[in-house]
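Participant: Just a sequence and a predicted model for now, questions to come.
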Amino acid sequence: MTADSSDPDRHSYRPVAALLLLLSMTLMVMPVRRLVIEVNEHGLRQLLVPALTLIGLPALGALLGAFLRVRGPGGGFFGIALGIFIASVGLMALLAYWFYYSVTHI
C-alpha cells in the first residue's frame with residue numbers, strides 16, 4: 001500500500017531544502033572568492049589541489065546526499081541540499097585552516 005503524496009498531514013521538505021541551498025550558496029562565496037583571487041595571482045598550476053577541492057567537495061556532498069533515504073515530498077531534494085550544505089560548511093572550515101596556515105607560516 002502506498003501513501004498518497006497529496007496528504008496534507010505529510011511534511012514537505014521542499015522549503016527546508018531551498019533554505020539549505022540558499023545558506024550553502026552564501027557559505028560558498030568566500031572560498032570561491034579566495035580561490036579566484038589566488039588563481040589570478042599565482043596561476044592555476046600551483047593551486048590545482050584547492051581548485052579541485054572547491055569543485056569536488058560540493059559534488060561529493062550532493063552525491064552522498066542523494067543516497068540519503070528521506071521520505072516525504074521533496075525528500076530526495078532535501079538529501080541533496082543537506083549534502084551540499086555540509087560540504088559548504090566543510091569548505092568554510094577548510095578556508096579558515098588555509099587562512100590560519102598562511103598567517104602562521106609566513
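Facilitator: Okay, I see it.

Participant: Name the helix or strand for the most centrally placed residue in the chain, please.
Facilitator: What sits nearest the mean C-alpha location of the chain, by C-alpha atoms, centre = their mean, is Ile84, with 2.9 Å. Assessed by DSSP states H and E, Ile84 sits inside helix 75-104.

Participant: Tell me the buried residues in that helix?
Facilitator: Residues of helix 75-104 classed as buried by neighbour count (16 or more other C-beta atoms under 10 Å): 75-88, 90-91, 95, 98. Glycine gets a C-beta too; all of them are placed from N, C-alpha and C.

Participant: didn't the residue nearest to the centre of the chain look like it was pressed against Leu20?
Facilitator: Yes: with contact defined as C-beta atoms under 8 Å, Ile84 counts as touching Leu20 (7.4 Å).

Participant: CA atoms only for stretch 72-80, dumped as CSV, please.
Facilitator: Output of stretch 72-80 as CSV, limited to C-alpha atoms (Å, rounded to 0.1, in the frame of the first residue of the first chain):
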residue,chain,number,x,y,z
GLY,A,72,8.2,12.6,2.0
PRO,A,73,7.6,15.1,-0.7
GLY,A,74,10.9,16.7,-1.7
GLY,A,75,12.9,14.1,0.3
GLY,A,76,15.4,13.5,-2.4
PHE,A,77,15.9,17.2,-2.9
PHE,A,78,16.3,17.6,0.8
GLY,A,79,19.0,14.9,0.9
ILE,A,80,21.0,16.6,-1.9
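
Participant: That's all I had, so thanks and see you.
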